[in-house]
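Chemist: A predicted structure for the sequence below; I have some questions about it.
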There are 2 protein chains.
Amino acid sequence: MSRPSLRHSIASGLRRRVAAGDLAPGERLPSEPELAKTLGVSRSSLRAAIALLEEDGLVQRLHGSGTYVTHRPIMRNDLSRNFGVSSMIAAMALEPGTVDERCRVEPAPAPVAEPLLLQPGDPVTALHRVRTADGRRIVYSIDWCRPEVLSAEEMSELGDGSLYERLAHRGLPVHHGVATISPEMASGEVAQRLDVPRGALLLTLFQVDSTADGHVVLVSEEHHLADAFEVTVYRRGPGEGSEEA
Amino acid sequence: MSRPSLRHSIASGLRRRVAAGDLAPGERLPSEPELAKTLGVSRSSLRAAIALLEEDGLVQRLHGSGTYVTHRPIMRNDLSRNFGVSSMIAAMALEPGTVDERCRVEPAPAPVAEPLLLQPGDPVTALHRVRTADGRRIVYSIDWCRPEVLSAEEMSELGDGSLYERLAHRGLPVHHGVATISPEMASGEVAQRLDVPRGALLLTLFQVDSTADGHVVLVSEEHHLADAFEVTVYRRGPGEGSEEA
DNA sequence: GCCTCCAAGTTGTACGACAACTTCGCTATG
DNA sequence: CATAGCGAAGTTGTCGTACAACTTGGAGGC
């Protein structure tokens, strides 16, 4: 919200240059002292910025040799980042829209109640939406919140503003989410809303979004038409991190 | 292979401490100067290590306040990392196995030929396997390679060693992969191999693995039984990175 | 032609200093 | 007594310099 720390600014700038092709894949970056001087920052900060890019897999550092731009694939829809459905649709150069929006307070289903630290049946705010791309119904989504976090009115009057922005403005920025992916065949209700025959193939994301301090602020379920968009994940190579002994 | 750079060693150590609960979620880490002194490293290297953890979402830094351990969810199967199917099965405390292994040279299907920079129909090494968990057939996988990279014999004689290890030993370590996820209904062949009725629900991963310099070394297709395991993805953000203007 | 070795260049680590920011207790003030 | 304001202490962020570890390429000798 407040301070884009210097290293993040530098990293953004470099990301832009990579994306724009100013720094081509395989190319070697200028040496750190030189680049730091060019950008007018210290080498320490530049190194911190490059470390961010390296973690993202955009560049690779070779001790004694240089820093090289990785041949990074162009991905259609990377699930590693937490964007809204509208952004995904817009990224495909289609016009995002919303129909059949319904917002009300409902009793929480068990799988939703648990992460929100509620009892099954407790009241939660639920937002049902059908998202369209160029008018075609492609995603049926449901978002659940604790009533103290977002009331039914607040949820319905958000227009095309993202839920994430709304939560951030209330001081509850989403830090990360965990999505469970499963295949599904359209049941009666979902099929009707998406206007597809019963039994049509869907890809379903059940997602739990939390703040940095671990408070779950949003639970959502997205039923995607199988051929709506290609869902992809960037998977970092084996090795380097997270495994124990 | 050769040098686990100091900051990565430090990061691994911290990761272990977090995983072991030595550093509890929400807890503040010792201050950087103090921790650096304790670990016997410079503050620079420690900061670089912490930067890695922060990018991974394990900790969060607050300027002027401290560094705090994030409340990180325990994930069953995180697609963000590139592990083999055997590891996923073992992680669920089940006994991984392989049946119906068949390895031969085949003409490349078009979707496989393209990323491998071949013409459709060109010969490729293909490894078909049915993976089992406690004897139950849950994944049917196919791996494709260029014949110069791995011959049919090399592929079949790898026992339970991972393909990734084999490639790494040949000087072609996998740096990252891109997986496309889609729902699927079991066709005749797949249904037969997995011993499920035709039309059973599957989750299919089509994955392209590359080295750091962008050379595609492996293409694979994994057909997972829908209820085999929960496939999850850790999703960062939104905010912080990758978007353009 | 080939091998060895050296020098230059690059990233990795270390140390010290100061700036920016947060936190919390103390104090002055109403 | 309650409250707003101040300030000191502690923490992360940035800077600068120096040197170590490593790679690369070319000069020189064989």
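Modeler: Structure received. If you're wondering where the values come from, they're calculated on a predicted model, not measured in any experiment.

Chemist: can you give me how far stretch A:68-77 is from the chain middle?
Modeler: 17 Å (Cα atoms, centre = their mean, to the nearest Å).

Chemist: again with stretch A:142-157
Modeler: The answer for stretch A:142-157 is 20 Å, by Cα atoms, centre = their mean.

Chemist: From start to finish, how long is it in a straight line?
Modeler: The first and last residues of stretch A:142-157 sit 16 Å apart, counting by Cα to Cα, to the nearest Å.

Chemist: where's the helix or strand containing A:Glu222 relative to the chain centroid, distance-wise?
Modeler: Assignment of secondary structure by DSSP states H and E places A:Glu222 within strand A:216-225. When distances are taken as Cα atoms, centre = their mean, strand A:216-225 is centred 12 Å away from the chain's centroid.

Chemist: contacts for that strand?
Modeler: A:85, A:112, A:115-117, A:137-146, A:149, A:163, A:167, A:172, A:174, A:177, A:184, A:186, A:190, A:194, A:196, A:200-211, A:231 (Cβ atoms under 8 Å, 6 or more residues apart in numbering or on different chains). No exception for glycine: its C-beta is placed from N, CA and C like everyone else's.

Chemist: Considering only these, which also neighbour chain B?
Modeler: Applying Cβ under 8 Å from any Cβ of the partner chain to those, one finds that A:Val174, A:Gly177, A:Glu184, A:Leu201, A:Leu202, A:Leu203, A:Gln207, A:Val208, A:Ser210, A:Val231 fall near chain B.

Chemist: Format these as a markdown table; extra columns: pLDDT and neighbour count.
Modeler: Output for these, formatted as a markdown table (pLDDT from 0 to 100; neighbours: other Cβ atoms under 10 Å in any protein chain shown):
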| residue | pLDDT | neighbour count |
| --- | --- | --- |
| A:Val174 | 89 | 22 |
| A:Gly177 | 91 | 26 |
| A:Glu184 | 95 | 18 |
| A:Leu201 | 95 | 18 |
| A:Leu202 | 95 | 24 |
| A:Leu203 | 96 | 23 |
| A:Gln207 | 95 | 22 |
| A:Val208 | 94 | 22 |
| A:Ser210 | 91 | 21 |
| A:Val231 | 91 | 23 |
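
Chemist: just the residues you listed now: which is nearest A:Ala20?
Modeler: A:Val231 (26.1 Å; Cβ to Cβ).

Chemist: pretty sure that closest one contacts B:Thr180?
Modeler: Yes. If you go by Cβ atoms under 8 Å, A:Val231 and B:Thr180 touch, sitting 7.0 Å apart.

Chemist: re earlier: what two of the ones next to chain B among the contacts of strand A:216-225 are the furthest from one another?
Modeler: Applying Cβ to Cβ across those, the maximum distance is between A:Leu201 and A:Ser210, 30.0 Å.

Chemist: partners of the strand holding A:Glu222 in the sheet?
Modeler: Under the criterion DSSP bridges, strand A:216-225 sits next to strand A:136-145 (antiparallel), strand A:201-210 (antiparallel) in its sheet.

Chemist: Around A:Glu114, count how many other residues there are.
Modeler: Neighbour count for A:Glu114, taken as other Cβ atoms under 10 Å in any protein chain shown: 15.

Chemist: which stretches of chain A have low pLDDT?
Modeler: Scanning chain A for pLDDT under 70 picks out A:1-3, A:73-75, A:159-161, A:239-245.

Chemist: need the contact list for the residue of it most remote from its centre.
Modeler: Residue farthest from the centre of chain A, counting by Cα atoms, centre = their mean, is A:Gly64 at 36.1 Å. Applying Cβ under 8 Å, 6+ apart, we find A:Gly64 in contact with no residue.

Chemist: so where does it fall, helix or strand?
Modeler: Short version, using DSSP H and E: A:Gly64 is in no helix or strand.

Chemist: got it, and the one 3 residues further on?
Modeler: Remark: A:Thr67 resides in strand A:66-69, with elements defined by DSSP H and E.

Chemist: chain center to that strand: distance?
Modeler: Worked out by Cα atoms, centre = their mean, strand A:66-69 lies 28 Å from the chain centre.

Chemist: Only the buried residues of that strand, if you could.
Modeler: A:Thr67, A:Tyr68, A:Val69 (16 or more other Cβ atoms under 10 Å in any protein chain shown).

Chemist: Contact partners for the closest residue to the first one other than its chain neighbours?
Modeler: Looking back up the chat, that one is A:Thr67. Leaving aside its chain neighbours, A:Thr67 sits nearest to A:Leu29 (4.4 Å; criterion: Cβ to Cβ, 6 or more residues apart in numbering or on different chains). With contact set as Cβ under 8 Å, 6+ apart, A:Leu29 has these partners: A:Leu23, A:Leu35, A:Ile50, A:Val59, A:Gly66, A:Thr67, A:Tyr68, A:Val69.

Chemist: I'd like the distance between A:Leu29 and DNA strand D.
Modeler: Note on A:Leu29: its distance to DNA strand D, by Cβ to the nearest atom of the strand, to the nearest Å, is 14 Å.

Chemist: Check A:Ala152 too.
Modeler: 34 Å.

Chemist: shouldn't that residue be in contact with A:Val105?
Modeler: Yes. At 5.6 Å, A:Ala152 counts as touching A:Val105 under the criterion of Cβ under 8 Å.

Chemist: intersection of neighbour lists for those two?
Modeler: Joint contacts of A:Ala152 and A:Val105 (Cβ under 8 Å, 6+ apart) are A:Thr125.
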